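Undergrad: sharing a model that was predicted from the sequence below.
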Amino acid sequence: MGQARTVRLYTRKGDTGVTGLTGGKQVPKEDDRVAAYGELDELSSFLGLAQAELPEALQPTREILERVQHELFILSAELASPPQGTQPAHRIEDRHVERLEKEIDTFSGALDDLQSFVLPRGTTAGARLHVARAVARRAERAVVRLHRASPQRPPVLAYVNRLSGLLFVLALRANQQADFREIAPDYSR
């Protein structure tokens, strides 16, 4: 019977303000590449929080969010790989973007026609999905910022763009499921 090995969750390597990319290249922690996959990590955490609030009737939404969390790890691994280094075996592809588009079309087809923006609120699940949508937009801006300095493949840019659209329709769907009435912004206030 062997001794249990203790796994340390810290390396002390980042104590000087640098972190390692895939392949070992060291970059500052505020590097655009690190910021982009860090935003995706935050988004994934918000998706987990949103899943925790979804009622049983929205099980399909829970499954979509879990799948997206896996895809965000795929995308993060790609972003953590410098262009000159070894690329990960799995990457975001056109099929991932097409699946998001299909889901947006499916869920938006079941919603009332929107004539304007809506206030980001609603049920707990809907409001959390709106927060995730806003974080997805911030993550998209970080990926685009990285793209300006280090061009990314088109499916990466399309994926992060479509993701916020999916989260928007899922938020509206969660609210609709609970008969929550959306409210347009009042610009006269």
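TA: Received it, and whenever you're ready, just let me know what you need. Note that the structure is a prediction, hence the values are computed from the model and not measured.
Undergrad: how many neighbours does residue 144 have?
TA: 16 (other CB atoms under 10 Å). Just so you know, the C-beta spots here come from the backbone N, C-alpha and C atoms, and that holds for glycine as well.
Undergrad: average model confidence for the helix or strand where it lies?
TA: Taking DSSP states H and E as the definition, one finds residue 144 inside helix 124-149. Averaged across helix 124-149, pLDDT comes to 97.
Undergrad: buried set for that helix?
TA: Using 16 or more other CB atoms under 10 Å as the test for burial, helix 124-149 gives 125-137, 139-140, 142-144, 146-147.
Undergrad: repeat that for stretch 83-102.
TA: For stretch 83-102, using 16+ other CB under 10 Å, the buried residues are 92, 96, 97, 99, 100.
Undergrad: show me which of those residues is closest to residue 174.
TA: For the buried residues of stretch 83-102, the minimum distance to residue 174 (CB to CB) is 17.4 Å, reached by residue 100.
Undergrad: check what pLDDT the residue most central in space within the chain gets.
TA: Centroid-nearest residue in the chain: residue 43, 4.4 Å away (criterion: CA atoms, centre = their mean). For residue 43, the model assigns a pLDDT of 98.
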